[in-house]
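Peer 1: Need a 3D model of the following:
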Amino acid sequence: MKYQLQLSILTFMFMQNLKKLATGGPLVVHAYKVYTLKVFALFFELKEQSEFYRAMEVVPGLAYVAEHYDLSRVQRWSKGRYAVQLLDSGTKFSCECGLFDNFGLPCSHILRVSS
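Peer 2: Numbers count the residues shown, from 1 in each chain. This next block holds a predicted model:
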């Protein structure tokens with residue numbers, strides 16, 4: 001019984017991810033291939049959140065600021081504006097939120113700058 005429940009949950013997650021793959025583009029397809037189902041779901045959520053930010057170039061090709069479109073809607077504990085740097089001739093990213101540096105998962109700010 002427990003095995004069947006786990007299988008049902010995994011099947012549901014797989015079907016949900018298929019919908020995301022159909023609309024996500026090549027970056028989402030690549031993420032689906034390299035991440036587990038749960039990490040992929042988190043990645044896709046971050047990808048969707050990136051749509052609420054705009055990227056402004058501070059230093060051409062090196063430094064950007066990702067700013068939320070509507071700062072009044074940003075939660076109190078969140079800054080709403082994050083500095084993103086390109087390192088090693090643009091092959092690596094670093095964001096001041098620290099998600100990528102600490103967990104290896106690109107944050108919504110990096111995803112906005114890279115698009």
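
Peer 1: and Leu27, how far is that from Gly80?
Peer 2: As judged by CB to CB, to the nearest Å, Leu27 and Gly80 stand 24 Å apart. Any C-beta I mention is one placed from the backbone N, CA and C, and that applies to glycine too.

Peer 1: Low-confidence bits of this protein, can you list those?
Peer 2: For the chain, residues meeting the criterion pLDDT under 70 lie at 1-24, 77.

Peer 1: Report the buried residues of the helix or strand containing His109.
Peer 2: In this assignment (DSSP states H and E), His109 forms part of helix 108-114. Going by neighbour count (16 or more other CB atoms under 10 Å), the buried part of helix 108-114 is Ser108, His109, Ile110, Leu111, Arg112, Val113.

Peer 1: List of residues touching that helix?
Peer 2: With contact meaning CB atoms under 8 Å, 6 or more residues apart in numbering, helix 108-114 is reached by 27, 46-47, 49-55, 64, 66, 82, 84, 86, 93, 95, 97, 100, 106.
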